[in-house]
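[1] Could you work out the structure for the sequence below:
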Amino acid sequence: MSKRQRLLIIEDEEPIRVGLTDLFVFHGFAVESAADGPTGLNLALSGTFDLILLDLMLPGLDGFAICDRVRAADRAQPIIMLTALGADEDIIRGLKLGADDYVAKPFSITELVLRVQAVLRRSQGALAGAPSLRLGDLTLDTANLVGHRGAVQIPFTRREVAIIQYLAAHGERPVSRDELLTKVWGYSRGCGIETRTVDIHIAKLRRKLETDPADPRVLLTVRGVGYRLLVGSDGEAS
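    Numbering: from 1, shown residues only. Just a heads-up that it's a prediction; the model follows:
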C-alpha cells in the first residue's frame, strides 16, 4: 500500500475546516488541521506535509505571515491559499510571498481537489534540467533553489525554478500561459480553471532575473502568444 499524502488545513471557520477535512480524508489524505494562525504555523514548521491549504484571514496570525515564515524555512513546501472572491490585492501579495496557487471562496469542491492534486503532482516530480543556468548576470543553482548575482544570494521557490527550467528547455519558442499551467502546475489541458498565478509568478521572476524589470532582457513577453526565456547556443540563458 502506498503511503498516504499528508495535508495541513489552516482555516478558522469550523464548517469549512471540518468539511475540507472530511473531503480530503475521503480522497485518501492524512489530514491535520488548525483553527488559528499560531497553531497553524507551529504545525507547518514542525510537521512534514505534502501540501498546506492556508486561509489568509486567521486569528492570532494571518496567512501572509504564515506563508512568509514557511517559505523562509522551506522554499519547496507546496502551499495553496484560500482567499475571498475578488480579493486581488490579497492574491497578489500571497503569491509574491511564495504560495504556489490560490482558490477563491466560495470554491467548487471539484476544482479545489483538482488544484491540490495538480500542485502535488508537479511538486513531487524531480526538477529536471541543467544543475545551473546563467540568466543575464545571475547564476541559478537549480538544485539548491538559489541564485547568485555577484556576492548577493537570491532565493527561489521550487515553482519559480520549475518555470525557468521549462522555459529554458523550450527557449526556441514562446510558451503560452496555458502550457505553463499544464506542464508546470499540472492542470489538465482545457480544464477551464481561471487563475492569475502564472502572470504573478512571471512578474515576481522578473524582479529577480532582470536588472530592470520594466525593460526585460531575459524573460520576455511575446504579446498574444506567451513567454520566452532567451537561451544561447551554449545552453545558458543570455
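
[2] List the buried residues in stretch 87-106.
    Buried residues in stretch 87-106, counted by 16 or more other C-beta atoms under 10 Å: 87, 90-104. For the C-beta atoms, the positions are set from N, CA and C on the backbone; glycine is no exception.

[3] pLDDT of that stretch, averaged?
    For stretch 87-106, mean pLDDT rounds to 88.

[4] Dump it to PDB, keeping only the CA atoms.
    The C-alpha coordinates for stretch 87-106 follow below in PDB (Å, rounded to 0.1, in the frame of the first residue of the first chain):
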ATOM      1  CA  ALA A  87      -9.600  39.900  -3.300                       C
ATOM      2  CA  ASP A  88      -7.000  40.700  -5.900                       C
ATOM      3  CA  GLU A  89      -4.500  42.500  -3.600                       C
ATOM      4  CA  ASP A  90      -4.500  39.500  -1.300                       C
ATOM      5  CA  ILE A  91      -3.900  37.100  -4.200                       C
ATOM      6  CA  ILE A  92      -1.000  39.100  -5.500                       C
ATOM      7  CA  ARG A  93       0.500  39.600  -2.000                       C
ATOM      8  CA  GLY A  94       0.200  35.900  -1.200                       C
ATOM      9  CA  LEU A  95       1.700  34.700  -4.500                       C
ATOM     10  CA  LYS A  96       4.500  37.200  -4.100                       C
ATOM     11  CA  LEU A  97       5.200  35.600  -0.700                       C
ATOM     12  CA  GLY A  98       5.600  32.300  -2.300                       C
ATOM     13  CA  ALA A  99       2.300  30.500  -2.400                       C
ATOM     14  CA  ASP A 100       2.000  28.100  -5.400                       C
ATOM     15  CA  ASP A 101      -1.600  28.900  -6.200                       C
ATOM     16  CA  TYR A 102      -4.900  30.100  -4.800                       C
ATOM     17  CA  VAL A 103      -8.500  29.200  -4.700                       C
ATOM     18  CA  ALA A 104     -11.200  31.800  -4.200                       C
ATOM     19  CA  LYS A 105     -14.100  31.300  -1.700                       C
ATOM     20  CA  PRO A 106     -16.800  30.200  -2.300                       C
END
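
[5] ok, and what's touching it?
    Stretch 87-106 has contacts (C-beta atoms under 8 Å, 6 or more residues apart in numbering) with 16, 54, 56, 63-64, 67-68, 70-71, 75, 78-86, 111-112, 115, 119, 123, 157, 159, 185, 195-197, 200-201, 204.
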